[in-house]
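Peer 1: The sequence and its predicted three-dimensional model are supplied below.
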Amino acid sequence: MDVSTLLADPSAISLETFVSKQNLIIVRVRSVQKAVCCPLCNEHSISLHSRYVRQVADLPWHGVAIRLQLQTRKFRCRNELCRRRVFCERLPQVVRSYARQTVRLNSALTLTGFRTGRRGRRKNGFRSQFNDQRRHPFTPDSR
C-alpha cells in the first residue's frame, strides 16, 4: 500500500508516524517544501525561524476520526522593504490559514450539507422564502 495516497497533498507533506488510540488516529506529518514565499512580498526564504505543531481534523478512515499533527515552520523574510519579518509556511492544498480542518474534509462536509439540504427540501415540499417573494412580490396590502 502506498501511504502517500492517504495524505491530502503528498508533494507538500510527508508522513512521520501514526499513533492509534481507541477512537482516534493521530497522524504526524511534516512539510517537505524546501523554500517558501513570504505571503506579503512573495520573496522566497529558506531562513528558518522556528517550528510549531498545528492540529487539524482530516477525513475519517473507516469511521475512525483522524487528527493531523502538522509540524509547521516559521521563516524570516529577508526582504528589508517587507513589513512582515516572520511568517509561517502556507500549505493551501492541505489546510487554509487559521483553519481547524483540512481542505478535503471541509469540501466533503460542504458537499454533504448541500446534498442533504436539497434532498430535505424536496422531501418536505419546502420552497425558499426568496423564491416565494420573487413569485409574489410584497404589495402594500400584504404588509
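Peer 2: Looks like it came in fine.

Peer 1: Quick one: the helices in the protein, in order.
Peer 2: 103-124, 129-135 (DSSP state H).

Peer 1: which stretch in these has the least confidence?
Peer 2: Lowest mean pLDDT within the helices of the chain: helix 129-135, a mean of 47.

Peer 1: What ranges does this protein have for its strands?
Peer 2: 13-20, 24-31, 36-37, 44-45, 48-61, 64-76, 86-88 (DSSP state E).

Peer 1: Among those strands, which comes closest to T116?
Peer 2: strand 48-61 (17.3 Å; CB to CB). (Glycine included, C-beta is placed from N, CA and C.)

Peer 1: In the closest one, which residues are buried?
Peer 2: Neighbour-count burial for strand 48-61 flags V56, A57, D58 (criterion: 16 or more other CB atoms under 10 Å).

Peer 1: Tell me which of the strands of the chain approaches R100 most closely.
Peer 2: With CB to CB as the criterion, R100 lies closest to strand 48-61 of the strands of the chain, at 5.8 Å.

Peer 1: Just the CA coordinates for that closest one, please, in PDB.
Peer 2: Taking Å, rounded to 0.1, in the frame of the first residue of the first chain, the C-alpha atoms of strand 48-61 are listed here in PDB:
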ATOM      1  CA  LEU A  48      14.200  29.100   9.400                       C
ATOM      2  CA  HIS A  49      12.900  31.000  12.500                       C
ATOM      3  CA  SER A  50      11.100  28.300  14.500                       C
ATOM      4  CA  ARG A  51       8.600  25.300  14.400                       C
ATOM      5  CA  TYR A  52       5.300  24.600  15.900                       C
ATOM      6  CA  VAL A  53       2.700  21.800  15.800                       C
ATOM      7  CA  ARG A  54      -0.700  22.600  14.300                       C
ATOM      8  CA  GLN A  55      -3.600  20.100  14.900                       C
ATOM      9  CA  VAL A  56      -6.300  19.800  12.300                       C
ATOM     10  CA  ALA A  57      -9.100  17.300  11.600                       C
ATOM     11  CA  ASP A  58      -8.900  15.200   8.400                       C
ATOM     12  CA  LEU A  59     -11.300  12.800   6.700                       C
ATOM     13  CA  PRO A  60     -12.100   9.800   8.800                       C
ATOM     14  CA  TRP A  61     -10.700   6.400   7.800                       C
END
